[in-house]
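1. Curious how this folds, go ahead:
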Amino acid sequence: MIPFLRREFHGAFGVRLVADTYGNPSAPPVLLLHGGGQTRHAWRGTAKVLAEAGFYAITLDLRGHGESGWCESGNYELENFAEDIRAIAAELPSAPALVGASLGGLAALVCQCEYHLASAVVLVDITPRVDPEGVQRIVGFMKAFPEGFASIEDAADVVAAYLPHRPRPSDTSGLAKNLRLGDDGRWRWHWDPRVLSEKPRASRPDYPESINAAARSLDVPTLLVRGRMSEVVSDEGVREFLEMVPHAEFVDVEGAAHMVAGDKNDAFGRAVVDFLQRHCGIGAAAAGLR
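-> Below is the predicted model:
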(Lines give C-alpha, C1' and ligand atoms only; values in the text may rest on other atoms or scores of the structure.)
Protein backbone atom coordinates (compact mmCIF):
# COMPACT_ATOMS: atom_id res chain seq x y z
CA MET A 1 0.00 0.00 0.00
CA ILE A 2 1.35 3.42 -0.97
CA PRO A 3 1.11 5.91 1.94
CA PHE A 4 0.52 9.60 1.37
CA LEU A 5 1.35 12.78 3.24
CA ARG A 6 -0.75 15.94 3.40
CA ARG A 7 1.15 19.04 2.31
CA GLU A 8 0.24 22.71 2.10
CA PHE A 9 1.48 25.28 -0.39
CA HIS A 10 0.90 29.00 -0.77
CA GLY A 11 -0.51 29.99 -4.12
CA ALA A 12 -0.89 33.35 -5.81
CA PHE A 13 -1.86 36.19 -3.44
CA GLY A 14 -1.38 33.88 -0.47
CA VAL A 15 -4.23 31.46 -1.20
CA ARG A 16 -3.68 28.30 0.86
CA LEU A 17 -3.46 25.18 -1.30
CA VAL A 18 -3.81 21.68 0.09
CA ALA A 19 -2.30 18.60 -1.54
CA ASP A 20 -1.59 14.94 -0.90
CA THR A 21 1.82 13.61 -1.88
CA TYR A 22 2.76 10.07 -2.79
CA GLY A 23 6.22 8.60 -3.22
CA ASN A 24 9.76 9.81 -2.68
CA PRO A 25 10.07 13.64 -2.68
CA SER A 26 13.41 13.36 -4.49
CA ALA A 27 11.82 11.45 -7.40
CA PRO A 28 10.66 13.22 -10.59
CA PRO A 29 7.58 15.24 -9.54
CA VAL A 30 4.18 14.97 -11.18
CA LEU A 31 1.55 17.59 -10.29
CA LEU A 32 -2.02 16.38 -10.85
CA LEU A 33 -4.68 19.05 -11.43
CA HIS A 34 -8.34 18.02 -11.25
CA GLY A 35 -11.32 19.29 -13.20
CA GLY A 36 -13.80 21.95 -12.13
CA GLY A 37 -15.96 20.85 -9.22
CA GLN A 38 -13.68 17.94 -8.30
CA THR A 39 -11.07 17.60 -5.56
CA ARG A 40 -7.59 16.11 -5.25
CA HIS A 41 -9.14 12.78 -4.28
CA ALA A 42 -10.13 12.20 -7.93
CA TRP A 43 -6.46 11.37 -8.54
CA ARG A 44 -5.85 8.95 -5.67
CA GLY A 45 -5.66 5.81 -7.81
CA THR A 46 -3.48 7.48 -10.43
CA ALA A 47 -1.15 8.93 -7.79
CA LYS A 48 -0.56 5.50 -6.29
CA VAL A 49 0.29 4.07 -9.70
CA LEU A 50 2.71 6.92 -10.35
CA ALA A 51 4.40 6.48 -6.97
CA GLU A 52 4.79 2.75 -7.56
CA ALA A 53 6.45 3.60 -10.89
CA GLY A 54 9.02 5.81 -9.14
CA PHE A 55 7.48 9.28 -9.39
CA TYR A 56 6.62 11.84 -6.70
CA ALA A 57 2.90 12.41 -7.25
CA ILE A 58 1.23 15.54 -5.89
CA THR A 59 -2.57 15.70 -6.02
CA LEU A 60 -3.75 19.27 -5.54
CA ASP A 61 -7.03 20.84 -4.49
CA LEU A 62 -7.29 23.80 -6.86
CA ARG A 63 -8.14 27.14 -5.33
CA GLY A 64 -11.82 27.24 -4.43
CA HIS A 65 -12.01 23.44 -4.27
CA GLY A 66 -11.78 20.88 -1.50
CA GLU A 67 -9.65 21.96 1.45
CA SER A 68 -7.84 24.71 -0.44
CA GLY A 69 -8.70 28.32 0.26
CA TRP A 70 -11.45 30.22 -1.48
CA CYS A 71 -10.43 33.40 -3.28
CA GLU A 72 -11.84 36.37 -1.34
CA SER A 73 -12.37 38.34 -4.54
CA GLY A 74 -14.05 35.39 -6.26
CA ASN A 75 -11.47 35.57 -9.05
CA TYR A 76 -11.10 32.14 -10.64
CA GLU A 77 -9.60 33.01 -14.00
CA LEU A 78 -7.27 30.52 -15.67
CA GLU A 79 -4.38 32.90 -15.06
CA ASN A 80 -4.90 32.63 -11.30
CA PHE A 81 -4.82 28.84 -11.39
CA ALA A 82 -1.69 29.07 -13.55
CA GLU A 83 -0.01 31.35 -11.00
CA ASP A 84 -0.82 28.82 -8.28
CA ILE A 85 0.92 26.11 -10.32
CA ARG A 86 3.93 28.38 -10.71
CA ALA A 87 4.11 28.93 -6.95
CA ILE A 88 3.99 25.20 -6.26
CA ALA A 89 6.62 24.41 -8.90
CA ALA A 90 8.96 26.91 -7.22
CA GLU A 91 8.89 24.74 -4.07
CA LEU A 92 9.79 21.52 -5.88
CA PRO A 93 13.38 20.33 -6.39
CA SER A 94 12.95 19.86 -10.14
CA ALA A 95 10.57 20.72 -12.96
CA PRO A 96 7.23 18.89 -12.55
CA ALA A 97 5.22 17.12 -15.19
CA LEU A 98 1.75 18.65 -15.28
CA VAL A 99 -1.24 16.31 -15.59
CA GLY A 100 -4.45 18.30 -15.91
CA ALA A 101 -8.05 17.24 -16.47
CA SER A 102 -10.55 19.68 -17.97
CA LEU A 103 -10.14 22.93 -15.95
CA GLY A 104 -6.83 21.62 -14.60
CA GLY A 105 -5.66 20.92 -18.15
CA LEU A 106 -6.49 24.42 -19.33
CA ALA A 107 -4.66 25.83 -16.31
CA ALA A 108 -1.65 23.66 -17.18
CA LEU A 109 -1.73 24.94 -20.78
CA VAL A 110 -1.82 28.58 -19.70
CA CYS A 111 0.86 28.03 -17.06
CA GLN A 112 3.27 26.37 -19.50
CA CYS A 113 2.67 29.07 -22.09
CA GLU A 114 3.42 31.83 -19.58
CA TYR A 115 6.16 30.31 -17.45
CA HIS A 116 7.66 27.31 -19.32
CA LEU A 117 8.21 25.39 -16.08
CA ALA A 118 7.01 21.85 -16.85
CA SER A 119 9.05 18.83 -17.88
CA ALA A 120 6.00 17.45 -19.72
CA VAL A 121 2.27 18.14 -20.10
CA VAL A 122 -0.57 15.61 -20.05
CA LEU A 123 -4.01 16.94 -21.01
CA VAL A 124 -6.90 14.76 -19.89
CA ASP A 125 -10.05 15.09 -22.00
CA ILE A 126 -9.53 18.73 -22.83
CA THR A 127 -8.46 20.52 -26.01
CA PRO A 128 -8.82 24.12 -27.21
CA ARG A 129 -11.92 23.05 -29.16
CA VAL A 130 -14.65 21.74 -26.87
CA ASP A 131 -18.22 20.63 -27.56
CA PRO A 132 -20.46 23.45 -26.20
CA GLU A 133 -23.35 21.07 -25.50
CA GLY A 134 -21.11 18.75 -23.54
CA VAL A 135 -19.69 21.61 -21.51
CA GLN A 136 -23.16 22.96 -20.79
CA ARG A 137 -24.29 19.53 -19.59
CA ILE A 138 -21.45 19.46 -17.08
CA VAL A 139 -22.01 23.04 -15.94
CA GLY A 140 -25.72 22.37 -15.66
CA PHE A 141 -25.07 19.43 -13.37
CA MET A 142 -22.70 21.49 -11.22
CA LYS A 143 -25.32 24.24 -10.82
CA ALA A 144 -28.33 21.97 -10.40
CA PHE A 145 -28.37 21.46 -6.64
CA PRO A 146 -27.62 24.75 -4.84
CA GLU A 147 -29.79 23.58 -1.95
CA GLY A 148 -27.53 20.57 -1.45
CA PHE A 149 -28.50 17.07 -0.40
CA ALA A 150 -30.13 15.63 2.69
CA SER A 151 -27.59 12.80 2.80
CA ILE A 152 -24.53 11.43 1.05
CA GLU A 153 -26.72 8.62 -0.28
CA ASP A 154 -28.93 11.17 -2.00
CA ALA A 155 -25.88 12.71 -3.63
CA ALA A 156 -24.73 9.25 -4.75
CA ASP A 157 -28.10 8.65 -6.41
CA VAL A 158 -27.79 11.92 -8.33
CA VAL A 159 -24.25 11.11 -9.50
CA ALA A 160 -25.33 7.62 -10.57
CA ALA A 161 -28.12 9.09 -12.70
CA TYR A 162 -25.70 11.57 -14.25
CA LEU A 163 -23.09 8.87 -15.00
CA PRO A 164 -25.16 5.84 -16.07
CA HIS A 165 -22.11 4.16 -17.68
CA ARG A 166 -20.41 3.91 -14.28
CA PRO A 167 -21.69 1.41 -11.65
CA ARG A 168 -23.03 3.09 -8.53
CA PRO A 169 -20.55 2.36 -5.70
CA SER A 170 -21.90 0.57 -2.65
CA ASP A 171 -19.34 2.43 -0.51
CA THR A 172 -19.97 6.19 -0.65
CA SER A 173 -17.01 7.20 1.52
CA GLY A 174 -15.11 8.35 -1.56
CA LEU A 175 -17.97 10.61 -2.61
CA ALA A 176 -18.08 12.07 0.90
CA LYS A 177 -14.68 13.66 0.27
CA ASN A 178 -16.28 15.75 -2.50
CA LEU A 179 -18.97 17.09 -0.18
CA ARG A 180 -19.05 19.41 2.83
CA LEU A 181 -21.66 19.51 5.57
CA GLY A 182 -23.25 22.94 6.01
CA ASP A 183 -24.54 24.51 9.19
CA ASP A 184 -28.07 23.72 7.96
CA GLY A 185 -27.32 19.99 7.90
CA ARG A 186 -27.26 19.81 4.11
CA TRP A 187 -24.41 18.33 2.08
CA ARG A 188 -23.03 20.47 -0.76
CA TRP A 189 -20.25 20.05 -3.29
CA HIS A 190 -16.88 20.92 -1.80
CA TRP A 191 -16.09 23.94 -3.98
CA ASP A 192 -16.80 27.66 -4.10
CA PRO A 193 -20.00 28.29 -6.12
CA ARG A 194 -18.37 31.47 -7.46
CA VAL A 195 -16.13 29.26 -9.61
CA LEU A 196 -19.10 29.21 -12.00
CA SER A 197 -20.15 32.83 -11.52
CA GLU A 198 -17.85 34.13 -14.27
CA LYS A 199 -18.93 34.26 -17.90
CA PRO A 200 -18.05 30.88 -19.48
CA ARG A 201 -14.47 31.07 -20.74
CA ALA A 202 -15.23 29.46 -24.11
CA SER A 203 -17.75 32.23 -24.91
CA ARG A 204 -15.27 35.11 -24.47
CA PRO A 205 -14.06 36.82 -27.65
CA ASP A 206 -10.37 36.30 -26.84
CA TYR A 207 -10.69 32.70 -25.69
CA PRO A 208 -10.23 30.67 -28.90
CA GLU A 209 -7.03 32.36 -30.06
CA SER A 210 -5.49 32.69 -26.60
CA ILE A 211 -5.92 29.02 -25.78
CA ASN A 212 -4.87 27.98 -29.30
CA ALA A 213 -1.72 30.07 -28.89
CA ALA A 214 -1.02 28.37 -25.59
CA ALA A 215 -1.31 24.97 -27.27
CA ARG A 216 0.94 25.99 -30.16
CA SER A 217 3.57 27.16 -27.67
CA LEU A 218 3.98 23.71 -26.12
CA ASP A 219 7.62 22.77 -26.50
CA VAL A 220 7.84 19.88 -24.04
CA PRO A 221 6.69 16.25 -24.38
CA THR A 222 2.90 16.35 -24.57
CA LEU A 223 0.22 13.70 -24.26
CA LEU A 224 -3.50 14.06 -24.91
CA VAL A 225 -5.69 11.43 -23.26
CA ARG A 226 -9.34 11.36 -24.27
CA GLY A 227 -12.21 9.26 -23.03
CA ARG A 228 -13.61 7.66 -26.17
CA MET A 229 -17.14 8.37 -24.86
CA SER A 230 -16.26 12.01 -24.12
CA GLU A 231 -19.04 14.55 -24.34
CA VAL A 232 -16.48 17.37 -24.40
CA VAL A 233 -13.65 16.42 -26.81
CA SER A 234 -14.67 15.37 -30.33
CA ASP A 235 -12.65 13.69 -33.05
CA GLU A 236 -12.35 17.11 -34.69
CA GLY A 237 -11.04 18.60 -31.47
CA VAL A 238 -8.39 15.88 -31.28
CA ARG A 239 -7.41 16.37 -34.92
CA GLU A 240 -7.03 20.13 -34.53
CA PHE A 241 -4.95 19.75 -31.37
CA LEU A 242 -2.58 17.27 -32.98
CA GLU A 243 -2.15 19.65 -35.91
CA MET A 244 -1.32 22.51 -33.51
CA VAL A 245 1.02 20.32 -31.45
CA PRO A 246 2.54 17.90 -33.99
CA HIS A 247 4.92 16.33 -31.48
CA ALA A 248 2.04 15.40 -29.14
CA GLU A 249 1.05 11.80 -28.49
CA PHE A 250 -2.57 10.68 -28.24
CA VAL A 251 -4.34 7.93 -26.32
CA ASP A 252 -8.06 7.19 -26.65
CA VAL A 253 -9.36 5.30 -23.59
CA GLU A 254 -12.18 2.91 -24.46
CA GLY A 255 -15.14 2.84 -22.08
CA ALA A 256 -14.30 6.23 -20.53
CA ALA A 257 -16.17 9.52 -20.74
CA HIS A 258 -15.02 12.97 -19.63
CA MET A 259 -13.75 11.83 -16.22
CA VAL A 260 -11.25 9.39 -17.68
CA ALA A 261 -9.31 8.54 -14.52
CA GLY A 262 -12.51 7.83 -12.61
CA ASP A 263 -13.97 5.71 -15.38
CA LYS A 264 -10.93 3.64 -16.39
CA ASN A 265 -8.13 4.33 -13.93
CA ASP A 266 -6.07 1.24 -14.83
CA ALA A 267 -5.90 2.06 -18.54
CA PHE A 268 -5.38 5.74 -17.82
CA GLY A 269 -2.61 5.05 -15.31
CA ARG A 270 -0.77 2.76 -17.72
CA ALA A 271 -0.87 5.36 -20.48
CA VAL A 272 0.40 8.17 -18.27
CA VAL A 273 3.14 6.08 -16.62
CA ASP A 274 4.36 4.82 -19.99
CA PHE A 275 4.54 8.36 -21.35
CA LEU A 276 6.24 9.85 -18.29
CA GLN A 277 8.73 7.01 -17.95
CA ARG A 278 9.85 7.60 -21.54
CA HIS A 279 10.14 11.35 -21.15
CA CYS A 280 10.56 12.24 -17.47
CA GLY A 281 11.83 9.13 -15.70
CA ILE A 282 15.36 8.34 -14.59
CA GLY A 283 16.25 6.78 -17.91
CA ALA A 284 14.98 9.81 -19.85
CA ALA A 285 16.90 12.17 -17.58
CA ALA A 286 20.10 10.21 -18.11
CA ALA A 287 19.59 10.46 -21.86
CA GLY A 288 19.22 14.21 -21.63
CA LEU A 289 15.55 14.28 -22.55
CA ARG A 290 14.37 16.30 -19.57
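
2. quick one, strands of the stretch 51-200 of the chain?
-> 56-60, 97-101, 120-124, 179-181, 187-189 (DSSP state E, counting those that start in this stretch).

3. What residues sit buried inside the fourth one?
-> Taking 16 or more other Cβ atoms under 10 Å as the basis for neighbour counts, the residues of strand 179-181 that come out buried are residue 179. (C-beta placed from N, C-alpha, C; glycine too.)

4. In terms of secondary structure, what does that strand contact?
-> strand 187-189 (3 or more Cβ pairs under 8 Å, 6 or more residues apart in numbering; DSSP states H and E).

5. which helices and strands does the strand it packs on pack with?
-> By 3+ Cβ pairs under 8 Å, 6+ apart, strand 187-189 packs against helix 152-162, strand 179-181.

6. now the ones you listed in CSV, with mean pLDDT and distance to residue 74?
-> Listed next are these as CSV, based on pLDDT from 0 to 100; distance: least, Cβ to Cβ, whole Å:
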stretch, mean pLDDT, distance to residue 74
helix 152-162, 93, 25
strand 179-181, 93, 18
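
7. wait, which of those is closest to residue 240?
-> helix 152-162 (28.0 Å; Cβ to Cβ).

8. Return the set of buried residues in that closest one.
-> For helix 152-162, by 16+ other Cβ under 10 Å, it's 152, 155-156, 159.

9. middle-most residue in the protein, spatially?
-> What sits nearest the mean C-alpha location of the chain, by Cα atoms, centre = their mean, is residue 34, with 2.5 Å.

10. which residue packs closest to it, ignoring adjacent ones?
-> With Cβ to Cβ, 6 or more residues apart in numbering as the criterion, residue 34 has its nearest non-adjacent residue at 4.8 Å, and that residue is residue 42.

11. bridging residues for the nearest residue to residue 3 once chain neighbours are set aside?
-> Spatial nearest neighbour of residue 3, excluding adjacent residues (Cβ to Cβ, 6+ apart): residue 22 at 7.7 Å. Beta bridges link residue 22 to residue 4, residue 57 when assigned by DSSP bridges.

12. Go ahead and confirm residue 22 touches residue 4.
-> Yes: the pair residue 22 and residue 4 qualifies as a contact (Cβ atoms under 8 Å) at a distance of 4.9 Å.

13. The residue nearest to the centre of the chain reaches residue 64, doesn't it?
-> No: look at residue 34 against residue 64 with Cβ under 8 Å: they stay out of range, at 11.6 Å.

14. quick one: common contacting residues for these two?
-> Common neighbours of residue 34 and residue 64, using Cβ atoms under 8 Å, 6 or more residues apart in numbering, do not exist here.

15. Determine the three-state secondary structure at residue 230.
-> coil (DSSP: H, G, I helix; E, B strand; the rest coil).

16. which ones are touching it?
-> For residue 230, the contact set (Cβ under 8 Å, 6+ apart) comprises 125, 134, 256-258.

17. Reformat these as JSON lines; add pLDDT, distance to residue 59 and neighbour count.
-> Output for the contacts of residue 230, formatted as JSON lines (pLDDT from 0 to 100; distance: Cβ to Cβ, whole Å; neighbours: other Cβ atoms under 10 Å):
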{"residue": "125", "pLDDT": "97", "distance to residue 59": "17", "neighbour count": "28"}
{"residue": "134", "pLDDT": "92", "distance to residue 59": "25", "neighbour count": "17"}
{"residue": "256", "pLDDT": "95", "distance to residue 59": "19", "neighbour count": "25"}
{"residue": "257", "pLDDT": "94", "distance to residue 59": "21", "neighbour count": "21"}
{"residue": "258", "pLDDT": "95", "distance to residue 59": "18", "neighbour count": "24"}
